[in-house]
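Trainee: here is my input; please provide its structure:
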Amino acid sequence: MKIILLAVGRLSRSPETELVKLYTERATAAGRALSLGPVEVVEVESKKPGQAAEAEALRAHLADAHVIACDEHGQMRPSRAFAQEIAALRDRGVRRLVFVIGGADGMEAGLLAQANGRLAFGPQTWPHALARAMLSEQVYRAVSILGGSPYHRD
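Mentor: A predicted model of the protein is given here:
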């Protein structure tokens, strides 16, 4: 199952960008034996400002995908539950899992309604660069949990 981290905006070179790269590469390598991956980051930019234009740019990448929107009102999941959710989707035959991170003003209501699920990183507000790093780390952690790696400790 291909896993895509789809985000509005492009990150410049930064420590967060390096973390995203590190964790997506690790998740891709560890996930091969588990039929998970590759894990990719897709960045989109809208030609116009606002949620509607961002949603249009994001929708272009959502065809035939199971979509989980990263949203402050979403469900918080412990790492093991997150890993089991990914495994269950894979086992049901989902071929593309897309996690969506919207723009600075959040995601358009219609796009949120289209999502198959919502994921929250907690009650705090996080900068987009950190949200991407946290999501990529949690995907890697999920893959390592499913592979029996000692990376995750309860």
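
Trainee: so what does the lengthiest strand in the chain touch, helix or strand wise?
Mentor: When the chain is parsed with DSSP state E, its longest strand is strand 66-75. Secondary-structure packing of strand 66-75 (3 or more Cβ pairs under 8 Å, 6 or more residues apart in numbering; DSSP states H and E): strand 96-101, helix 109-114, strand 117-119. Yep, even glycine has a C-beta here, placed from its N, CA and C like the rest.

Trainee: recalculate using a threshold of 6 Å.
Mentor: strand 96-101, strand 117-119 (3 or more Cβ pairs under 6 Å, 6 or more residues apart in numbering; DSSP states H and E).

Trainee: quick one: which of the ones you listed is nearest Leu36?
Mentor: strand 96-101 (8.9 Å; Cβ to Cβ).

Trainee: for that closest one, packing partners?
Mentor: Partner elements for strand 96-101 (3+ Cβ pairs under 6 Å, 6+ apart): strand 2-8, strand 66-75.

Trainee: got the angle between the longest one and strand 2-8?
Mentor: I take that to be strand 66-75. 60 degrees (axes from the mean of the first three to the mean of the last three Cα atoms, to 10 degrees).

Trainee: same question for whichever helix or strand comes after strand 66-75, mean pLDDT?
Mentor: Using DSSP states H and E, the next helix or strand after strand 66-75 towards the C-terminus is helix 79-91. Averaging pLDDT along helix 79-91 gives 98.

Trainee: tell me the buried residues in helix 79-91?
Mentor: Phe82, Ala83, Glu85, Ile86, Ala87, Leu89, Arg90 (16 or more other Cβ atoms under 10 Å).

Trainee: secondary structure element holding Ala53?
Mentor: Counting by DSSP H and E, Ala53 is part of helix 51-59.

Trainee: just to revisit the earlier point, between the buried residues of helix 79-91, which sits nearest Tyr151?
Mentor: Looking at those and their distance to Tyr151, the nearest is Ala83, at 11.2 Å (Cβ to Cβ).

Trainee: isn't the closest one right up against Ser144?
Mentor: No. Between Ala83 and Ser144 there is no contact under Cβ atoms under 6 Å: 8.4 Å.

Trainee: so what's the residue nearest to Glu56 when sequence neighbours are not counted up against?
Mentor: Leaving aside its chain neighbours, Glu56 sits nearest to Ser46 (6.7 Å; criterion: Cβ to Cβ, 6 or more residues apart in numbering). Neighbour list for Ser46: Ala53, Glu54, Ala57 [criterion: Cβ atoms under 6 Å, 6 or more residues apart in numbering].

Trainee: fine by me, thanks again.
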